[in-house]
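**Student:** model this:
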Amino acid sequence: MKFAIITHVIHYKVGNQYFGYAPYIREMNIWLKYVDEVIIVAPSSKGSPTEIDLDYKHDKIDFRDVSEFSFTSLKNNLISLYKLPRIFWTVFWAMKNADHIHLRCPGNTGLIGCFVQILFPKKTKTAKYAGNWDPASKQPWTYKLQKYILGNTFLTKNMQVLVYGDWKNQSKNIKPFFTATYSDIEKISIQKLNFDSTIEFVFVGSLVEGKNPMYALKLVEQLVKNGKKSYFKFLWRRN
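**Tutor:** All right, here's what the predicted structure looks like:
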């Protein structure tokens, strides 16, 4: 089986190996045990892998590089409009060549994948929405658009969509799941903090709108204004 992955995760090439964000790669390596060939459509970087990157465990990878893009300013909008035709074309041919299509959402490349997969209603497809699926949550419009397309069984056919949490009034192709749980023995009571001492905060994640890093900054800012000693640290990556 030829398996196509459409993702926004930035990749790094070292020799004949492709590296990417470790949690995503670990999950994909489980899937890739059962496929013969892999087509990966994703952006790449000329930099080197970091400590939080891993490589795919597969010996037949067809990597198809696409540019990163965004719609966060007028300049970026114009640049993105120039890039989009090639990205659409690359995603289209990857899907056409594949037996199974897998989308990683939310993300800009995943958004393109959401549109293009409509053209392949008979192909078997899956998607993982690794974000907040709560219908009532405040999210960027591009995230809401991806959720709408993925959950619309008229536009999206023959696809199973994995989402965090079990939500009411969902279409039949939405499959709830959780990636991490704690056993009873691991659950411990949280000790009440003494806020008279320095309060340390750590933000772990991508510096993107969907992760809402500005909320964390504003929280610490307000504590400082209220006379609380606070310390803030970012642990982040580009994607």
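**Student:** what's the closest non-adjacent residue to Asn77?
**Tutor:** What sits nearest to Asn77 in space, not counting adjacent residues and going by C-beta to C-beta, 6 or more residues apart in numbering, is Phe71, at 5.3 Å. Quick note: C-beta positions are derived from backbone N, CA and C, even for glycine.
**Student:** what about the one you found, distance to Val204?
**Tutor:** In this view, Phe71 and Val204 are 26 Å apart by C-beta to C-beta, to the nearest Å.
**Student:** show me where pLDDT drops low in this protein?
**Tutor:** Applying pLDDT under 70 to the chain flags the ranges 179-195, 205-210, 234-239.
**Student:** in it, which spans are helices?
**Tutor:** 22-32, 74-97, 108-116, 141-151, 213-225 (DSSP state H).
**Student:** got the ones you listed as a markdown table, with mean neighbour count columns?
**Tutor:** Listed next are the helices of the chain as a markdown table, based on neighbours: other C-beta atoms under 10 Å:
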| stretch | mean neighbour count |
| --- | --- |
| helix 22-32 | 16 |
| helix 74-97 | 14 |
| helix 108-116 | 23 |
| helix 141-151 | 19 |
| helix 213-225 | 13 |
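**Student:** possible to save these as a markdown table with distance to Lys172?
**Tutor:** Listed next are the helices of the chain as a markdown table, based on distance: least, C-beta to C-beta, whole Å:
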| stretch | distance to Lys172 |
| --- | --- |
| helix 22-32 | 22 |
| helix 74-97 | 23 |
| helix 108-116 | 18 |
| helix 141-151 | 10 |
| helix 213-225 | 34 |
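**Student:** ok, now how distant is the nearest residue to Thr153 once chain neighbours are set aside from Lys144?
**Tutor:** Excluding the flanking residues, the one nearest Thr153 by C-beta to C-beta, 6+ apart is Ser171, at 5.1 Å. Plainly put, Ser171 is 15 Å away from Lys144 if you go by C-beta to C-beta.
**Student:** same question, Ala216
**Tutor:** Ala216 sits 22 Å away from Lys144 when distances are taken as C-beta to C-beta.
**Student:** Lys83 now?
**Tutor:** 22 Å.
**Student:** what residues are up against Ser44?
**Tutor:** Ile10, His11, Tyr12, Lys13, Phe63, Asp65 (C-beta atoms under 8 Å, 6 or more residues apart in numbering).
**Student:** by neighbour count, which of those residues wins?
**Tutor:** His11 (22 neighbours; other C-beta atoms under 10 Å).
**Student:** residue with max distance from the center of this structure?
**Tutor:** Asp196 (38.3 Å; C-alpha atoms, centre = their mean).
**Student:** any idea how this structure splits into domains?
**Tutor:** Domain ranges of the chain: 2-177, 183-239, per automatic domain parsing.
**Student:** distance of Ile101 from Ala42?
**Tutor:** Taking C-beta to C-beta, one finds Ile101 at 14 Å from Ala42.
**Student:** gap between the residue nearest to Asn77 and Asn29?
**Tutor:** For Phe71, the distance to Asn29 equals 32 Å [C-beta to C-beta].
**Student:** right, and Tyr164 touches Trp133 too?
**Tutor:** Yes - contact criterion C-beta atoms under 8 Å: Tyr164 and Trp133 qualify, at 5.7 Å.
**Student:** just the residues contacting stretch 63-80, thanks.
**Tutor:** Identification of contacts with stretch 63-80 by C-beta under 8 Å, 6+ apart yields 8, 10-11, 13, 18, 39-44, 83-84, 86-87, 90-91, 94, 108-109, 142.
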